[in-house]
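1. next one to model:
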Amino acid sequence: MASRPRRPPLRPPARRPAAMIAAAAPAFLLSACGGSQSALHPAGTAARDIFEITLVLFIGGALIFVGVMAIAAYAVLARPERFRGGIGWILGGGVAFPVVVLFALQVYEFAMTRRIVAAGTPVDLTIEVTGVMWWWDVRYPDAGRGLDGVDGNRELRTANEIVVPAGRRVEFVLTTRDVIHSFWMPTLAGKLDMIPGHVNRLTLVADTPGVYRGQCAEFCGAQHALMAFDVIVLEPDAFDAWVRHRLQPPAEPRDELAARGRDAFLEAGCGACHAVRGTPATGTLGPDLTHVGSRLTLGAGVFPNSVGALAGWIASARHLKPENRMPSFDVLDGVTLRAIAAYLAELK
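-> Numbers count the residues shown, from 1 in each chain. Predicted coordinates:
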């Protein structure tokens, strides 16, 4: 008796590409909702108000959409004899209801916007930020105001890194040196354009200490995507200590390699563009390097800060970030390059 052929084991049908994309889309979208640059996890009063506005407008828009679609479905599916007073339904549900809801949302949004702007509210700290292709020049014009042990108001300058105290109202004075940029700290506040020849002001209160990321939100050229900055929120006492430390010149080089690097830094003419407080380097065209060794990143958020990254940036800045204004110093020999990087890494 011939044996019956075995059936091949059942296999689930292959998933179509469209179905796979649909299944993966939510995970892909939600993957961008976290981290230090997420507007969905506010850490400041302005960002929290903006998040509330987002939810209210979304819910209001959803109510209008669902209501209008329900009336449209009823008009299409209901029997003609049951759908009486059609004009009333159209005017009431299709016109009056959306107008009332949208008007209420508009009034609410205007009120919240006034609260976010808080024009005329006294500020505890002013920070001047200038957008430059493609980095951020940051100045604290009155950093020493009211601090014990600090002789008068003194300006503090840094780059690509902003430190603010938690719980204090901070005003950002925003402008640009070249093209239009847009200053955006999603977790702390909204975005505001930086326009040549014009000054805009943004206020915020950061209430959660931590490290957050900011980004240029206006296309400004080839390296727009590589124009980021770090925002460090410190407790008030820690911020005051940070200011006192940053107002002091960096310590002298600790070893022979760093001392050689300092001399090479000055001999190479780096001081024509960069400043290091307490040295003959007083340039203003490029970022201030007084405490560059303590910054988290280099190149406006492009690389983690390290001796190797500093050396690579000095030798190949034009290759690592094309079209930026800093020339590549590929003429330096290896020993001199390592010495300059070691010197800069000690500037903390």
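
2. show the pLDDT at V68.
-> Looking at V68, its pLDDT reads 79.

3. now do V163
-> 96.

4. same check, this time on the one 3 residues further on
-> The pLDDT attached to A166 in the predicted structure is 94.

5. for it, what are its contacts?
-> With contact set as CB atoms under 8 Å, 6 or more residues apart in numbering, A166 has these partners: A206, D207, T208, P209, V233, L234, E235, P236, F239. Yep, even glycine has a C-beta here, placed from its N, CA and C like the rest.

6. go on, V276?
-> P250, F265, D288, L289, T290, L347.

7. state the pair within these that is farthest apart.
-> Within the contacts of V276, F265 and D288 form the most distant pair, 13.8 Å apart (CB to CB).

8. follow-up on the earlier one: kindly reformat the contacts of V276 as CSV containing secondary structure and pLDDT.
-> Listed next are those as CSV, based on DSSP: H, G, I helix; E, B strand; the rest coil; pLDDT from 0 to 100:
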residue, secondary structure, pLDDT
P250, coil, 86
F265, helix, 93
D288, coil, 93
L289, coil, 93
T290, coil, 92
L347, coil, 92
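
9. specify the beta-bridge partners of the most centrally placed residue in the chain.
-> In the chain, the C-alpha nearest the mean C-alpha coordinate belongs to G214, at 1.2 Å (CA atoms, centre = their mean). Beta bridges link G214 to F229, judged by DSSP bridges.

10. buried residues, the lengthiest helix in the chain. List them.
-> When the chain is parsed with DSSP state H, its longest helix is helix 45-77. For helix 45-77, a neighbour-count test (16 or more other CB atoms under 10 Å) marks T45, A46, A47, R48, D49, I50, I53, G60, I64, I71 as buried.

11. do you know how far the last one is from G131?
-> By that I understand I71. 49 Å (CB to CB, to the nearest Å).

12. against F58, how distant is V307?
-> On the measure of CB to CB, V307 and F58 end up 48 Å apart.

13. ugh, wrong one, L266
-> Separation of L266 from F58 (CB to CB) stands at 57 Å.

14. now swap in P250 and tell me
-> 49 Å.

15. if we can go back for a sec, chain center to the longest helix of the chain, what's the gap?
-> Put simply, helix 45-77 sits 29 Å off its chain's centre (CA atoms, centre = their mean, to the nearest Å).

16. same for it, what does it pack against?
-> Packing partners of helix 45-77 (3 or more CB pairs under 8 Å, 6 or more residues apart in numbering; DSSP states H and E): helix 86-89, helix 97-117, strand 200-205.

17. who touches the second one?
-> Counting by CB under 8 Å, 6+ apart, the neighbours of helix 97-117 from elsewhere in the structure are 46, 49-50, 52-53, 56-57, 60, 63-64, 67-68, 190, 203.

18. all strands of the stretch 201-348 of the chain, in order?
-> 210-216, 228-234, 297-298, 303-304 (DSSP state E, counting those that start in this stretch).

19. okay, those strands in JSON lines with distance to A311 and mean pLDDT next?
-> What follows is these, written out as JSON lines (distance: least, CB to CB, whole Å; pLDDT from 0 to 100):
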{"stretch": "strand 210-216", "distance to A311": "25", "mean pLDDT": "93"}
{"stretch": "strand 228-234", "distance to A311": "21", "mean pLDDT": "95"}
{"stretch": "strand 297-298", "distance to A311": "11", "mean pLDDT": "92"}
{"stretch": "strand 303-304", "distance to A311": "11", "mean pLDDT": "91"}
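
20. which one of those strands lies closest to Y343?
-> Here strand 297-298 is closest among the strands of the stretch 201-348 of the chain (CB to CB), at 14.8 Å.

21. can you list the strands that the closest one pairs with?
-> Strand 297-298 has these strand partners (DSSP bridges): strand 303-304 (antiparallel).

22. now the strand it pairs with, how far from the centre of its chain.
-> 16 Å.

23. now stretch 253-266
-> For stretch 253-266, the distance to the chain centre is 34 Å (CA atoms, centre = their mean).

24. what's stretch 328-335 in contact with?
-> Residues from elsewhere that reach stretch 328-335 (CB under 8 Å, 6+ apart): A264, A268, I314, A315, S316, A317, R318, H319, L337, I340.

25. just the buried residues of the residues you listed.
-> By neighbour count, with 16+ other CB under 10 Å, those hold A264, I314, A315, A317, L337, I340 as buried.
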